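> the following block contains a protein sequence and its predicted model.
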Amino acid sequence: MQRQETSYKTATPTLDTGAYADGDYMGTVLSFPVPKEATSIKINSAVIVDKADQGIALNLILFNSLPTIASADNAALALADDQLEKFAGSIAFAAADYIDATNGKAVLKGGLNLGVQPDTDTKYFYAILQAKGSGTFAADSIDVKLYYDIEAGY
C-alpha cells in the first residue's frame, strides 16, 4: 500500500562569522530525514530565514546522498566530479525576493515540485548553501526550511 504525507524540516548550518563572498560554500552539510518507508520525495517549497539581516542571494544545492565537500567553509565552493553524481537539484534565492522584518529577512520559493531520491542506507537527503553575494553572519543565523511530500510504501 502507498501513502503520501507532507512534512517540513528545518536545518541550521554552522556558519563562519567572517565575511562570505560570492561563490563561497557556507557552513556545514544539512541533513533532512525521511521515514524509512519513503520511496520518493517532492520538495514543494523552501524558506530561508536570515536572522543576521543580510539578505544576500543564495543557492541551496541538494544531494541524494551525503556529499564530500572539497572546500572549507567560507571558501570558494569546490566539488569533485564524483560528488556531482549525487546532485539532485538546486534552488536559487534572489536578494530582491526577501521580505525585510527590520532585524531579519526571509524568503520563500514555492511551486518547486523538485524530486529527490533519499539515500537508501541513511534515509536522508542533503543540502549545502552557496553565497551568491557578500555578507557576514552569526554562527547560527540562517535556518533552511524545506516542505516536501513523501511517498511511502508499506
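That came through fine.
> alpha carbons only for contacts and neighbour counts from here, please
OK.
> so A72, which state does it fall into?
Taking DSSP: H, G, I helix; E, B strand; the rest coil as the rule, one finds A72 in the coil state.
> pretty sure it contacts T28?
No. A72 lies out of contact with T28 (CA atoms under 8 Å); the separation is 9.2 Å.
> neighbour count: these two, which is higher?
T28 (17 against 14; other CA atoms under 10 Å).
> so what touches the helix or strand hosting the more buried one?
Using DSSP states H and E, T28 sits in strand 25-33. Strand 25-33 is contacted from outside by 9-16, 20, 67, 71-77, 123-131, using CA atoms under 8 Å, 6 or more residues apart in numbering.
> CA atoms only: put that strand into CSV for me.
Output of strand 25-33 as CSV, limited to C-alpha atoms (Å, rounded to 0.1, in the frame of the first residue of the first chain):
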residue,chain,number,x,y,z
TYR,A,25,30.5,27.4,0.5
MET,A,26,28.5,28.4,3.6
GLY,A,27,28.6,26.4,6.8
THR,A,28,28.1,22.6,7.0
VAL,A,29,26.2,20.0,5.1
LEU,A,30,22.5,20.0,6.0
SER,A,31,20.7,16.7,6.6
PHE,A,32,17.0,16.1,6.0
PRO,A,33,15.5,12.9,7.4
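> hmm, which of the contacts of strand 25-33 are the buried ones?
Those of the contacts of strand 25-33 that meet the buried threshold are 12-16, 20, 67, 73-77, 123-131, by 16 or more other CA atoms under 10 Å.
> for burial, what's the neighbour tally of the closest residue in space to Q4 that isn't next to it in sequence?
Closest residue in space to Q4, ignoring its immediate chain neighbours: E151 at 4.5 Å, by CA to CA, 6 or more residues apart in numbering. Counted with other CA under 10 Å, the neighbours of E151 add up to 18.
> name the strands paired with the strand holding T28 and say parallel or antiparallel.
strand 124-131 (antiparallel) (DSSP bridges).
> what does the partner strand contact?
20-34, 56-67, 77, 116-119.
> where does pLDDT dip in this protein?
1-3, 153-154 (pLDDT under 70).
> strands along that one, start to end?
2-11, 19-20, 25-33, 38-50, 58-63, 87-93, 99-100, 105-109, 114-116, 124-131, 135-136, 142-153 (DSSP state E).
> tell me the angle the strand holding T28 makes with strand 58-63.
Orientation of strand 25-33 against strand 58-63 (axes from the mean of the first three to the mean of the last three CA atoms, to 10 degrees) gives an angle of 50 degrees.
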